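Visitor: how would this look folded up:
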Amino acid sequence: MDNELSKVIVEMSINDTSASDIEISGFLSECAVATSLINNYMKQMFLLEYTDVPLTEFGYVQEASVSDVKDKIKTAARSAATSILNFLKKIGTLILNFFNWLFGKNKLDRLIKKVDSMSGITVMDVDRDSVVNCFGGFLVTLSIYEEFADLVTSMSSNPHKYTRLDIYLDTLISVGTSKKPSGQMLTTFNDVISSNKDKDYRDMFKFLKEKVESAEKGAAETGSNRQADDKMIISAALLSVKEAEPIEKASKILKSLDVNIDNFSENITGEPKLMETINDIAKKLNRSYAIYQKKCVEVIAELVKATEKENKKATVKSNKKSDTPTYTFTDVEESVL
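Guide: Numbering: from 1, shown residues only. Sure, this is the predicted structure:
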């Protein structure tokens, strides 16, 4: 039977296909083109309304009237709105697929149980900061996705609200591509999440932050075992994912995206700068998802590898005690995830 670690990597590759990347790139490109058209048509409309000079003098194709140009702006706005909604549905589906995989067959519960039973030596094989980084970052990405979807479905045209998310994503991407201690990462994540209206996110990061601070304080005051602290922090990070109920959240967001596209496109008509910001946010959200999803897969593989190492030791020890082992290595593999 195949090694459990190999199964983890093969299964997760299903959620990270090139076809999805191409589809998302297509939506973002369509939005960029539509936004460019809105810009172009608005300039034409201005010239038609305020000058008597033919548009051909400015390098544009002569339109029959201002009304014709307005119709083209509406068409382009509808195209941009459709592309953004399609992007949100696609990225939401990918996020949901990941968490469905993680929670499927009680994988996460079994992994938490295995981590809790790890020896100190085995825990040393796992980088606790990477665990906090990947799951913390992924959950913050989910929270920003939720806020972004809410702005779009509520037909908000307030540029300040979008700009705030744009800044948050810059911060999140920076953390995801750097190496920082758990405490520092959690402070950054907490700063981003503190303004989220969903209390579950705030409580979850408060819990995780307290666990890390407690472990670091204990180590400083008593010289407690680093491996024991690491195990506590890793378990807390995994438990925080479970407590956040990401499947329920992602499913709810996807349902909220069934909106009247005409209302949204009407709100963004004549707002090319806003559409550029929205498109930039979508690109960065996709980037953040890609960073943290990949990190989570790598960390899960690392954790599974560590639990396999622990199981192998247990099997060898059991074989020494009896000529008739009570279980095989393969049996233990099946129980890991």
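Visitor: check contacts around the residue lying closest to residue 267 once chain neighbours are set aside.
Guide: Excluding its sequence neighbours, the residue lying closest to residue 267 (C-beta to C-beta, 6 or more residues apart in numbering) is residue 155, at 4.5 Å. The C-beta positions use only the backbone N, C-alpha and C, and glycine is treated the same way. Residues near residue 155 by C-beta atoms under 8 Å, 6 or more residues apart in numbering: 259, 263, 264, 267.
Visitor: of the residues you listed - the most surrounded one?
Guide: Ranked by the number of neighbours (other C-beta atoms under 10 Å), the contacts of residue 155 place residue 264 first, at 23 neighbours.
Visitor: quick check: that residue touching residue 85?
Guide: Yes: using C-beta atoms under 8 Å, residue 264 makes contact with residue 85 at a distance of 7.4 Å.
Visitor: and whichever strand or helix holds residue 141, what other elements does it pack with?
Guide: Element membership for residue 141 (DSSP states H and E) is helix 128-153. Here helix 128-153 touches helix 66-103, helix 159-176, helix 182-193, helix 199-222, helix 226-243, helix 246-256, helix 272-321, going by 3 or more C-beta pairs under 8 Å, 6 or more residues apart in numbering; DSSP states H and E.
Visitor: may I see the buried residues of it?
Guide: 128-149, 151-153 (16 or more other C-beta atoms under 10 Å).
Visitor: now stretch 27-38
Guide: Judged by neighbour count (16+ other C-beta under 10 Å), stretch 27-38 contains these buried residues: 27, 28, 30, 31, 32, 34, 35, 37, 38.
Visitor: out of those residues, list just those in helices.
Guide: 27, 28, 30, 31, 32, 34, 35, 37, 38 (DSSP state H).
Visitor: what about residue 166, distance to residue 160?
Guide: In this structure, residue 166 lies at 10 Å from residue 160, with C-beta to C-beta, to the nearest Å as the measure.
Visitor: out of those two, which sits in the busier spot?
Guide: Taking other C-beta under 10 Å, residue 166 and residue 160 do not tie; residue 166 has more neighbours (17 against 7).
Visitor: what's the distance between the closest residue to the more buried one other than its chain neighbours and residue 154?
Guide: Of all residues not flanking residue 166 in the chain, residue 281 sits nearest, at 5.2 Å (C-beta to C-beta, 6+ apart). Taking C-beta to C-beta as the measure, residue 281 and residue 154 are separated by 15 Å.
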